[in-house]
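> Structure for the following, please:
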Amino acid sequence: MSQYQLKYGKATAAVNSIGGELASYVAANGREYIWGGDPAVWASHSPVLFPVVGTTIDGKVKIAGKEYDIQKHGFTRKLEFQPGKHGEDFVEYTLSSNPDLLKQYPFEFTLHVTHTICEDGFRTDFLVENQSDRRMPMCIGGHPGFNCPIRDGEFFEDYVLKFECVEHTENTLAPNGGCITGTEWLPEFTDTDTLALKHSLFDPRDALIFAGPKSRVVKLINAKTGKGLEFDFHKFDALGIWSAPNKNAPYVCLEPWCGLPAYQGETGNFEDKPYVRILEPGTSFQVGYSMKVID
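Reported below is the predicted structural model:
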């Protein structure tokens, strides 16, 4: 694995060639915002989810009536990406189909992942090209983990998620990170724009999944100081929120998704997945998310 170093003013970042993921972002204020990837808790930093989001039924999907083996969140997380365009403050990594990947996902494609930083934030952009001669169903998502707490002397429970809109949406249940079994109303997050963070939200549930929220911007901030970060996920359909259950993990993932895990009892057909995108031959799909420091 190689690592590309980014710099903009006093801000720095690092991007891994494995998975094309952002592994570090230190803002001009000197604070690290990306989870360090402790393997005893969660070894990743900000994985790219493609061509599925979440768990599939029995580790399989159906495409044109044929079953293909594909793991949770797809195959991108552990693969070597190739460097593309780059500069002092940005880098593009690409992953293209090959004979092994065609056994899991029978389409010719290229996935571009571009990370761009500034002194008070960063942006991650995805571009998926369908290079096959038939319609290509796909899902894509981000999985950035943010340190929480961000500052010394703070605690996880000091933080809240402040949404741009008052939300009235159910939490989608996917026990143990598996298939979706139903929904529930969270008493802490009904007709409000604020969700107080606590590990007891994640311990019995794994992830919180809000499908089709009104908001496309959410702030992760200390409830008393108002300092933290703002996360923008326009053009995505759902937001997953996750911290490793039963580990009191000092981070939270804000996961923008075009796609959802499989539902129990669904057909298994890829084109039936919620929020799936269908790319015509020779077309592409672009989406991205960004983070801005609130200091």
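
> can you give me the strands for the stretch 1-150 of the chain?
Taking DSSP state E, counting those that start in this stretch as the criterion, the stretch 1-150 of the chain carries its strands at 3-8, 11-16, 22-26, 48-49, 60-63, 66-69, 82-86, 90-96, 109-118, 121-130, 136-138, 140-142, 145-147.

> Name the stretch among these that sits most buried.
Among these, ranked by average contacts under mean count of other Cβ atoms under 10 Å, first place goes to strand 140-142 (a mean of 28). To be clear about C-beta, it is placed using only N, CA and C from the backbone, and glycine gets the same treatment.

> any idea how far Ser97 is from the spatially closest residue to Trp42 that is not a sequence neighbour?
Spatially, and ignoring its direct neighbours in sequence, Trp42 is nearest to Ala244 (5.1 Å; Cβ to Cβ, 6 or more residues apart in numbering). Look at Ala244 and Ser97: by Cβ to Cβ, to the nearest Å, they are 32 Å apart.

> Give me the more crowded residue out of these two.
The neighbour count for Ala244 versus Ser97, taken as other Cβ atoms under 10 Å, is higher for Ala244 (20 against 17).

> Quick check: the more buried one touching Ala207?
No: Ala244 lies out of contact with Ala207 (Cβ atoms under 8 Å); the separation is 10.2 Å.

> Next, count neighbours for Ala223.
Ala223, neighbours per other Cβ under 10 Å, totals 14.

> Which residues are in contact with it?
158-160, 196 (Cβ atoms under 8 Å, 6 or more residues apart in numbering).

> Give the full set of residues in contact with the closest residue to Glu170 other than its chain neighbours.
The spatially closest residue to Glu170, leaving aside those adjacent along the chain, is Thr183, at 3.9 Å (Cβ to Cβ, 6+ apart). Contacts for Thr183 were tallied using Cβ under 8 Å, 6+ apart; they are 170-173.

> show me the contacts for Ile70.
By Cβ under 8 Å, 6+ apart, the contact list for Ile70 reads 51-52, 56, 59-61, 104-105.

> And the residue lying closest to Ser44 once chain neighbours are set aside, how far from Gly121?
Excluding the flanking residues, the one nearest Ser44 by Cβ to Cβ, 6+ apart is Gly37, at 5.9 Å. As judged by Cβ to Cβ, Gly37 and Gly121 stand 20 Å apart.

> ok so, going back, now the strands of the stretch 1-150 of the chain in TSV, with distance to Ala249 and mean pLDDT?
Formatted as TSV, those follow (distance: least, Cβ to Cβ, whole Å; pLDDT from 0 to 100):
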stretch	distance to Ala249	mean pLDDT
strand 3-8	24	98
strand 11-16	20	98
strand 22-26	17	98
strand 48-49	19	98
strand 60-63	30	95
strand 66-69	30	96
strand 82-86	31	96
strand 90-96	27	98
strand 109-118	24	98
strand 121-130	22	98
strand 136-138	30	98
strand 140-142	18	98
strand 145-147	9	98
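
> Any idea which of those strands gets closest to Asp232?
For Asp232, the closest of those is strand 121-130, at 8.7 Å, according to Cβ to Cβ.

> what's next to the closest one, contact-wise?
Contacts of strand 121-130 (Cβ under 8 Å, 6+ apart): 13, 22, 25, 27, 46, 48, 50, 107-117, 136, 138, 140, 142, 144, 229, 279-293.
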